[in-house]
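Asks: sequence below, structure please.
(2 chains)
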Amino acid sequence: MNDLMRLKKQELVYFVIFLGLLLGIYIWVYLVAPLPGVGNNLLVNLIYVVFSAYPAIILWKILRFYDKSEVPRGIWLGFFIGFVLFLLGDVSWSLWNILFGEVPTPSVAEFFYIPAYIFLATGLFCQYGLIFPVNKIKRMIASHVLFWFFGISVAAVIVFLRSGGISLDDLIEYLYPVLDLLLAVIAISLIRTFAHGSLARPFWGFLALFFADLTYAILMESGSYSFVVVDLHLGSLIADVFYALAYITFALGFWTHYAVLKYDSQAHMDIRSG
Amino acid sequence: MPEVVFSRPFLTQVLGDYRDSGQHGLIQLRGESAGVDFLIVNGELWPTCRLSGGSAEPEITTQVMDRDWQGASMTFGVLPDLALRVAKISFSIAPALPAVELSRGDFYALMNQCQKENRPGLLWLCCDDEPFFFFAPGRYKNVDHVVDIAAGELVADPALIAAMITPRCDSMQAAYFPFSAEIEGWQEYCLHLHFCEIYDAVAHRYADLTGRVMSQLLGRTVSQYALNYSWPVEVRMGTVIDGLVLSSLDEYRHAYRSLLSCMFEQAASSIGDKVLGFILNDYLDSLPAHHHASVTGLLPEAYTFLSSAGES
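Replies: This next block holds a predicted model:
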C-alpha cells in the first residue's frame, strides 16, 4: 500500500477515535454532570461547537480543490456557507445558554439557522442539477412552483400567526423539521442516485439532521428538554446527541470526499513520478 | 533481410519456422517480370498478398504462391508488432489513391481531405525512402497514430505527430487506403477510436460532476493501470494518448476493456454505478446506429446491459 494511502487510513482512524472520544465525554457529562456550577453546561456547549465546526472546516478544505470556474464548486460553496451559518447559530445559541440558561425562541441563533437552509438547499439543487441537467422550460416551471409554494407558505404562516392559532416559537420549532424534511427528500434522491459512490455519504447527514430537529422540536413542545445539564436528563441527552451525530455524519461524509481529493490524487501522482 | 534464391522446399521450411515461432513476418519474392509480398501474422500466412506492379488489388495468397517462381529472389524477415496493423490493411485492400508523386502542397491537401472524411483513412507517405503511415480518424479530427517504420515506433503523442505531418522532402510518394469495416487492421483501429471516444465522453461528464481534481485523478488511475501492464496508454491533460501495439484483435479488445473497467471502477467509486450508467447511456444514445454495436461490444461485461440503449 502506498504511504499516502496508509496516511489516509490513519487519519480516518484518528478522526473517528477523536470524534468518538468527544461524543463519549459529551454523553458522560450528560449522564453524571461531574462538574460544579456552570462547568457541565460550558463543557457540553464547547464540545457541541467543536462538532458543529468540523463540517465547515472540512468543507473549507474541500473548496480549496476547486477553481472558481468549476461548476461543482457551487455545491460545496453552498454547503460551506450553510454550515458556517449553522456554526455561528450554534455559537450564539451556546453563548446564550452558558450565560442565561434557557434559550428563547426565536433567538439570535435563528438569524443564522434559517438562512443556512437557503444555502444548503442551493448546494443540493446544484448537485441535483448537475446530474440531471434541466432545460430552460423545466427550470422556469420549477422556479415558478417554488416561488408560489414559498409565497403561499409565508401567507399561510402570517394568517396563522395573526389568528393566534399558532405561536411564533411553536412555528419556528416545527419549521426546522419541515425544512430538514425538504432537504432530506432531495438528499434521499441523491443517495439513491449515487448509490455506493462516496459522494452519497455527506447526504446521510441531512437525514440525521431531520431526526435531530424533529426530536428537539417534540421534546421542546412536551417540555422534556432541559437547557441546563442536570444529572441523567434523558430528554436533553437524546436530542443533543442526535444533533452531535448529525454533525459527525456530515463531517465523516465530507471527509471521505476531502480524503479522495487530497490523498488519492497525490498517491497516483507519486506512483507515476516514482 | 536475408536474400536467397527461391526454392519451394526452402519456402516451406521458412513458413514452418514462422509457424513454430508464431512470429509476424514478411516474405518478398522478386522475379524478372513480377514480384509479390506475403504477410505472416502470428505464424500464419495472411490470406491475401500484394503484387508489385500491375493491379493494386490484393491477390489470393495460395493462388499466387502456387505460381512458378523459379529463379526469383526471396527475402524474408520479422515484422514488428507496430507495423502489423498497416500491413493488415495494405495487404487486404487496394489503395483508393495508388502511389503517386506529390509535392509538399499536394500532400497537405491530401491530408486535409483525409481529415474531412466521415470515416477513418490511412495515408502512406514515402519521403527520402523512409515510409510513414498516418492514421486519420476522419470527422475533422487530427491524425492520432503515425507508424514510423524506419524508427520502429508508433507515435501517438499529438505534439510529435504535429511535427511529423510536415514532411522533410519537397517531393514524396503517397497512397491512400480507405476504411473497410471487414478488414482486421481497421477493426483494431476502430477499437482504439471507440476506446478514446468512450474515455472522452465519460471523463468529460465526470469532470462536470466532480471537478478538475477528480477528473485528473481518473486520468492518472487509468494511466497507472496501463503502466502496470506496460501498455503505452496515457491520459495527458484529459486527452488519451494511445500508443498500444498488440498483435491481435482479441488482445486489443481485452486491453481496452480492462482499461475501461479500471476507469469505470474509479468513476463509480465516487459517483456510483447508477450515475455512471446514466453517463454511458447518454453517450450511447448520441451515437449513430452503425456505431452502436461496435461501441457496446467494447464495454466491460458489467455494463453490457446498456447495449439496448440508443438502439431505438
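
Asks: what's the closest non-adjacent residue to A:Gln266?
Replies: Spatially, and ignoring its direct neighbours in sequence, A:Gln266 is nearest to A:Leu4 (5.5 Å; Cβ to Cβ, 6 or more residues apart in numbering or on different chains). Every residue, glycine included, has its C-beta placed from N, CA and C.

Asks: swap that for B:Met74, please
Replies: Using Cβ to Cβ, 6+ apart, the closest residue to B:Met74 is B:Phe6 (4.4 Å).

Asks: re the thing from before, the helix or strand encompassing the residue nearest to A:Gln266 packs against which elements?
Replies: According to DSSP states H and E, A:Leu4 maps onto helix A:3-32. For helix A:3-32, the packing partners by 3 or more Cβ pairs under 8 Å, 6 or more residues apart in numbering or on different chains; DSSP states H and E come out as helix A:39-63, helix A:234-259, helix A:265-273.

Asks: present these as CSV; the columns should include mean pLDDT.
Replies: Formatted as CSV, these follow (pLDDT from 0 to 100):
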stretch, mean pLDDT
helix A:39-63, 95
helix A:234-259, 92
helix A:265-273, 60
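
Asks: tabulate those helices (a markdown table), appending mean neighbour count and distance to B:Pro178.
Replies: Below are the helices and strands packed on helix A:3-32 laid out as a markdown table (neighbours: other Cβ atoms under 10 Å in any protein chain shown; distance: least, Cβ to Cβ, whole Å):
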| stretch | mean neighbour count | distance to B:Pro178 |
| --- | --- | --- |
| helix A:39-63 | 20 | 51 |
| helix A:234-259 | 21 | 49 |
| helix A:265-273 | 16 | 39 |
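
Asks: how about those in TSV, adding distance to B:Tyr206?
Replies: As requested, these are arranged in TSV below (distance: least, Cβ to Cβ, whole Å):
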stretch	distance to B:Tyr206
helix A:39-63	17
helix A:234-259	14
helix A:265-273	14
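
Asks: ok, which of the ones you listed comes nearest A:Gly74?
Replies: Closest of the helices and strands packed on helix A:3-32 to A:Gly74 is helix A:39-63, at 10.6 Å (criterion: Cβ to Cβ).

Asks: could you check the angle that closest one makes with helix A:3-32?
Replies: Per axes from the mean of the first three to the mean of the last three Cα atoms, to 10 degrees, the angle that helix A:39-63 makes with helix A:3-32 is 160 degrees.

Asks: quick one: distance of helix A:39-63 to the chain centre.
Replies: Relative to the centre of its chain, helix A:39-63 is centred 11 Å away, using Cα atoms, centre = their mean, to the nearest Å.

Asks: residues contacting that helix, please?
Replies: A:19, A:22, A:25-26, A:29-30, A:33-35, A:73, A:76-77, A:79-80, A:83-84, A:86-87, A:90-91, A:94, A:97-98, A:205, A:228-229, A:240, A:243-244, A:247-248, A:250-251, A:254-255, A:257-258, A:261-262 (Cβ atoms under 8 Å, 6 or more residues apart in numbering or on different chains).

Asks: beyond that helix, next helix or strand please.
Replies: Once helix A:39-63 ends, the next helix or strand along the chain (criterion: DSSP H and E) is helix A:73-100.

Asks: check which helices and strands that following helix sits against.
Replies: helix A:39-63, helix A:110-131.

Asks: change it to 10 Å
Replies: In terms of contacts (3 or more Cβ pairs under 10 Å, 6 or more residues apart in numbering or on different chains; DSSP states H and E), helix A:73-100 is packed against helix A:39-63, helix A:110-131, helix A:204-222, helix A:234-259.

Asks: in chain A, where is pLDDT below threshold?
Replies: Applying pLDDT under 70 to chain A flags residues A:1, A:230-233, A:267-274.

Asks: for chain B, what's the nearest residue on it?
Replies: A:Gly197 (3.1 Å; Cβ to the nearest Cβ).

Asks: please name the nearest non-neighbouring residue to that residue.
Replies: Using Cβ to Cβ, 6+ apart, the nearest residue to A:Gly197 is B:Gly272, at 3.1 Å.

Asks: so the one you found lies in a helix, does it not?
Replies: Yes - applying DSSP: H, G, I helix; E, B strand; the rest coil, one finds B:Gly272 inside a helix.

Asks: contacts only, for it.
Replies: The contact partners of B:Gly272, taken as Cβ atoms under 10 Å, 6 or more residues apart in numbering or on different chains, are A:190-200, B:278.

Asks: now the buried members of those residues.
Replies: Buried by 16 or more other Cβ atoms under 10 Å in any protein chain shown: A:190-191, A:193-194, A:197-200, B:278, out of those.

Asks: can you count the residues close to the closest residue to B:Ser247 other than its chain neighbours?
Replies: Once flanking residues are discounted, B:Ser247 sits nearest to B:Asp81: 5.4 Å by Cβ to Cβ, 6+ apart. Neighbours of B:Asp81 under the rule other Cβ atoms under 10 Å in any protein chain shown: 14.

Asks: next one: B:Asp81 from B:Gly152, what distance?
Replies: The gap separating B:Asp81 from B:Gly152 is 10 Å, by Cβ to Cβ, to the nearest Å.

Asks: in the stretch 151-300 of chain B, which spans are strands?
Replies: Here the stretch 151-300 of chain B has its strands, by DSSP state E, counting those that start in this stretch, at B:153-155, B:171-178, B:233-236, B:239-242.

Asks: select only the buried ones of the contacts of helix A:39-63 in PyMOL?
Replies: In PyMOL syntax, the buried subset of the contacts of helix A:39-63 is picked out as below (16+ other Cβ under 10 Å):
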select buried, chain A and resi 19+22+26+29+30+33+73+76+77+79+80+83+84+86+87+90+91+94+97+205+229+240+243+244+247+248+250+251+254+255+257+258+261+262
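
Asks: ok, back up a step: could the buried ones among the contacts of B:Gly272 go into JSON lines alongside secondary structure?
Replies: Shown next, in JSON lines, are those (three-state DSSP):
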{"residue": "A:Leu190", "secondary structure": "helix"}
{"residue": "A:Ile191", "secondary structure": "helix"}
{"residue": "A:Thr193", "secondary structure": "helix"}
{"residue": "A:Phe194", "secondary structure": "helix"}
{"residue": "A:Gly197", "secondary structure": "coil"}
{"residue": "A:Ser198", "secondary structure": "helix"}
{"residue": "A:Leu199", "secondary structure": "helix"}
{"residue": "A:Ala200", "secondary structure": "helix"}
{"residue": "B:Phe278", "secondary structure": "helix"}
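
Asks: of those residues, which is the nearest to B:Glu32?
Replies: Here the nearest of the buried ones among the contacts of B:Gly272 to B:Glu32, counting by Cβ to Cβ, is B:Phe278; it sits at 66.2 Å.

Asks: test my guess that that closest one contacts A:Phe194.
Replies: No - the criterion here is Cβ atoms under 10 Å, and B:Phe278 misses it with A:Phe194 at 11.1 Å.

Asks: who touches both of these two?
Replies: A:131, B:271-272.

Asks: export these to JSON lines and tack on distance to B:Gly185?
Replies: Output for the shared contacts of B:Phe278 and A:Phe194, formatted as JSON lines (distance: Cβ to Cβ, whole Å):
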{"residue": "A:Ile131", "distance to B:Gly185": "40"}
{"residue": "B:Ile271", "distance to B:Gly185": "36"}
{"residue": "B:Gly272", "distance to B:Gly185": "38"}
